[in-house]
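Trainee: Generate a structure from the sequence data that follows.
(one chain, ligands or ions: 2)
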Amino acid sequence: MKKVNLPIKWRLTIWYGAVLSLILVGFASGIFIYFKNSLQESIDTKIRSIGEVLSSSMTDSHNTSVFGNFERYLENVLGKKPKGKFIQIMDSSGRIGAKMSDIEGEALPTSFSTLEKAMRGEVVYETTDRTKPRLRMITIPIIENKKVTSVVQVGTSLEEFDETIKKLLLIMIISIPSSICVTIVVGYFMAKKALRPVDQIRRAAVKISSSNLDERIDVSGRRDELGRLAETFNAMIDRLKDTFQRINQFSIDVSHELKTPLTILKGETEVALRKEREKQDYQVLLKSNLEEIDRMSCIIDDLLLLSKADTRKIKLDVEEVSLRDLILDVCMDMKVVADKKNVELEANELEDIRLKGDELKLRRMLLNIVENAIKYSHAGGRVRVSSHANNGYAIIYVKDNGIGISEMDIKYIFDRFYRADRSRKRASGSGLGLSISRWIAEAHQGGIEVESQPAQGSMFTIKLPI
Ligand SMILES: Nc1ncnc2c1ncn2[C@@H]1O[C@H](COP(=O)(O)OP(=O)(O)OP(=O)(O)O)[C@@H](O)[C@H]1O
Ligand SMILES: [Mg+2]
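Mentor: Residues are numbered from 1 along each chain as shown. Ligands and ions are numbered 1, 2, ... in the order given. The predicted structure is shown next:
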C-alpha cells in the first residue's frame, strides 16, 4: 500500500480535531446521561411522595367517602391541587374508585402485569409511550391487615421532561460540531503559522548555491525550537559562505603563486631565444630556470601535503624521538642561515624529552618556525629555542626579537598563502610554512600558539603530548 504523506500541519490538525471530538463527545454524553437520570429521579421522587401521602392518608382514615369529592380530598391531603398529574385509586379487583386528572386523556392505561405486581404488594414504576404526552406512573399498593385492599396510581406528564431533553440534545448537536469546526480551523492556522519557518528554510535551501550564499531565514526574535533551527541554519550558511570564500581565495593565491615563476621562466627563455648566445649564458639561464622550477615544485609539494592532510590521507611514521637531539639538529642546520643574516641562534634549557612522533614531520615543523624567526629578525637579532615538559606535554618556545606581527595579521598567519607583508620580495616564501606546521602539530594531537608585539618580537609556543 502506498504511504500517504500528509503535510505536518494537516496531520497535527487531524490529530488535534480527532482528540478534541472524542473528548467533547465523551464529556457531552456523560453530562447528558447524568442530567437525564437526575431529572427522571426527581420526577420519580415527586410522584412517589404524592403516592405515599395518599396511601398513608387512606390507611389512616379508612375513608372510602373520599371518593365522593376526590379533588377536594386531594387538596386537603396534599395542601394544594396537584398540577399536571393524574391520580386514581382502584380497589383490589381493579375497579376505579376515584380519579382526578389534570392531564388531557382517558384513564391511566394500567397494564395487567402492573396490577398483578401491585396486588403482590410491590411498588411499580412505569413509563407509558402509548399516551400522548408520555406518562411516568407509580403504582403503590395500600396494605391493610397484610392484604392489599386498594391501589393508588399517580402519573405525571413527561411533556416538560421530553421538551428539556430535546432542547439539551439540540444544544449539543449544534454546539459540539461547531466548536470542533472552529478549533480545527484555528488549529490549522496555528500549525501553519508555527511551521512557517520550516517552509522558509526549505525555500532558502532551494535558493542556495555556491554563488548565492546571501540567502538568510528571517528569525525575527523567535526563541522556540524552530527559531533555533533557523538560527542554526543561518549559522551554517555563514560558515559555508566563509568556506567558499576561502576556497576561492585559495585558488586565486595558488594561481598567483604559480604564475609568477612561470612568467619569469617564460620571459627569460624568450629573451634567451632572441639570438645566438654563449655557452655560459645558457648555463646561467638554465640555472635560474631550475630555481624557479624548484620553487614551483616546492609549492606544489606543500599543497599536495596540505590537501592530503585535509582528506586525512597522510599516515604518520611514528617512532620514539628525542626532542633535545631534534632541536639541536634543526638549530645546527639553521645556523648557516642565521650566520648569513648575522642573527644569533641559540638553543638552551633543553630538557631531555622523549616522545612518540613522526621525526621527519616534526623536524619540518621546527625548521619552518625557526626559519621564520630568523627570516623576520633584523641583522644583529637573537633567536632562542628552549623546551621543557609540563603536564604530560612537551613545550617548545621559539622566541625572536624581530619585526613582530600586528594584531590584525596574527589571526591569519596560519592560513594558507597568508603573508603579513605581501609586498615583501618573493624570496621570503609562499606563506604555506605555518599552515603545514600547524597541521603537523595537530596531527600529533598538539598545537601551536603565537604571541607577538610589532617591532618587539614574537614567541611561538609548540605543544606536543609526550
Ligand atoms: N617569527 C615571525 N615574526 C614575524 N612575522 C612572522 C613570524 N613568523 C611568521 N610570520 C608572519 O607570518 C607569515 C606566514 O608565515 P609562513 O611561515 O606561513 O609563511 P612564509 O614564511 O611567508 O613563507 P614559507 O614559510 O612558506 O616560506 C609570514 O609571511 C610572516 O608575515
Ligand atoms: Mg615560513
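Trainee: Near whatever residue of the stretch 101-250 of the chain ends up closest to ligand 1, how many other residues are there?
Mentor: Of all residues in the stretch 101-250 of the chain, Phe250 sits closest to ligand 1, at 13.8 Å by CB to the nearest ligand atom. (Glycine included, C-beta is placed from N, CA and C.) Using other CB atoms under 10 Å, Phe250 has 15 neighbouring residues.
Trainee: Helix, strand or coil: sort out the residue nearest to it when sequence neighbours are not counted for me.
Mentor: Excluding its sequence neighbours, the residue lying closest to Phe250 (CB to CB, 6 or more residues apart in numbering) is Arg416, at 5.9 Å. Assigned by DSSP: H, G, I helix; E, B strand; the rest coil, the conformation of Arg416 is coil.
Trainee: just to revisit the earlier point, so which elements touch the strand or helix carrying the residue of the stretch 101-250 of the chain closest to ligand 1?
Mentor: According to DSSP states H and E, Phe250 maps onto helix 225-273. Counting contacts by 3 or more CB pairs under 8 Å, 6 or more residues apart in numbering; DSSP states H and E, helix 225-273 is packed against helix 196-207, helix 279-310.
Trainee: now these as a markdown table including mean neighbour count and distance to Ile405?
Mentor: Output for those, formatted as a markdown table (neighbours: other CB atoms under 10 Å; distance: least, CB to CB, whole Å):
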| stretch | mean neighbour count | distance to Ile405 |
| --- | --- | --- |
| helix 196-207 | 14 | 39 |
| helix 279-310 | 13 | 21 |
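Trainee: Can you check which of the ones you listed gets nearest to Leu74?
Mentor: Leu74 lies closest to helix 196-207 among the helices and strands packed on helix 225-273, at 73.8 Å (CB to CB).
Trainee: Check the residue nearest the centre of the chain and give its pLDDT.
Mentor: A centroid search over the chain (CA atoms, centre = their mean) returns Glu225, at 4.6 Å, as the residue closest to the centre. At Glu225, the pLDDT value in this model is 82.
Trainee: and the gap between it and Ala194?
Mentor: The gap separating Glu225 from Ala194 is 10 Å, by CB to CB, to the nearest Å.
Trainee: Please parse this protein into its domains.
Mentor: Per automatic domain parsing, the domain ranges recorded for the chain read 8-163, 225-310, 318-465.
Trainee: and those domains, which is most packed in?
Mentor: Most buried of the domains of the chain, by mean neighbour count (mean count of other CB atoms under 10 Å): domain 318-465, with a mean of 17.
Trainee: What's the end-to-end length of that one?
Mentor: Criterion CA to CA, to the nearest Å; first-to-last residue distance in domain 318-465 is 13 Å.
Trainee: go on, stretch 99-110?
Mentor: Using CA to CA, the end-to-end distance of stretch 99-110 comes to 13 Å.
Trainee: got the residues of the chain near ligand 1?
Mentor: Proximity of the chain to ligand 1, by CB under 6 Å from any ligand atom, involves residues 368, 372-373, 376, 400, 402-405, 413, 418-421, 428-434, 458.
Trainee: Could you rerun that using 8 Å?
Mentor: Taking CB under 8 Å from any ligand atom as the measure of proximity, the chain contacts ligand 1 at 302, 368-369, 371-373, 375-377, 398, 400, 402-405, 409, 413-414, 418-421, 424, 428-437, 450, 452, 457-458, 460.
Trainee: quick revisit: which of the domains of the chain has the lowest average pLDDT?
Mentor: Lowest mean pLDDT within the domains of the chain: domain 8-163, a mean of 83.
Trainee: Just give me how far it sits from the chain centre.
Mentor: In terms of CA atoms, centre = their mean, to the nearest Å, the gap separating the centre of domain 8-163 from the centre of its chain is 63 Å.
Trainee: was I right about Asp218 contacting Ile201?
Mentor: No - if you go by CB atoms under 8 Å, Asp218 and Ile201 don't touch, sitting 10.7 Å apart.
Trainee: what touches both of these two?
Mentor: Common contacts of Asp218 and Ile201 (CB atoms under 8 Å, 6 or more residues apart in numbering): Ala230.
Trainee: residues touching the residue nearest to Phe250, list them.
Mentor: For Arg416, the contact set (CB under 8 Å, 6+ apart) comprises 250, 253, 306, 431-432, 435.
Trainee: Once you drop chain neighbours, what's closest to the residue of the chain found nearest ligand 2?
Mentor: Going by CB to the ion, ligand 2 is nearest to Gly433 of the chain, at 2.9 Å. Spatial nearest neighbour of Gly433, chain neighbours left out: Asn368 (4.1 Å); criterion: CB to CB, 6+ apart.
Trainee: which SSE is the one you found in?
Mentor: Assigned by DSSP H and E, Asn368 falls within helix 359-375.
Trainee: That helix and ligand 2, any residue contact?
Mentor: Yes - judged by CB under 5 Å from the ion, helix 359-375 comes into contact with ligand 2 at Asn372.
Trainee: Using PDB, write out every CA atom in that helix.
Mentor: This file holds the C-alpha atoms of helix 359-375, laid out as PDB (Å, rounded to 0.1, in the frame of the first residue of the first chain):
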ATOM      1  CA  GLU A 359      60.600  12.700  13.200                       C
ATOM      2  CA  LEU A 360      60.700  14.000   9.600                       C
ATOM      3  CA  LYS A 361      57.500  15.900  10.000                       C
ATOM      4  CA  LEU A 362      58.400  17.300  13.500                       C
ATOM      5  CA  ARG A 363      61.800  18.400  12.000                       C
ATOM      6  CA  ARG A 364      59.900  20.100   9.200                       C
ATOM      7  CA  MET A 365      57.700  22.000  11.600                       C
ATOM      8  CA  LEU A 366      60.600  23.100  13.800                       C
ATOM      9  CA  LEU A 367      62.600  24.200  10.700                       C
ATOM     10  CA  ASN A 368      59.700  26.300   9.500                       C
ATOM     11  CA  ILE A 369      59.300  28.100  12.700                       C
ATOM     12  CA  VAL A 370      63.000  28.600  13.400                       C
ATOM     13  CA  GLU A 371      63.400  29.700   9.800                       C
ATOM     14  CA  ASN A 372      60.600  32.300  10.300                       C
ATOM     15  CA  ALA A 373      62.200  33.600  13.500                       C
ATOM     16  CA  ILE A 374      65.500  34.200  11.600                       C
ATOM     17  CA  LYS A 375      63.800  35.400   8.500                       C
END
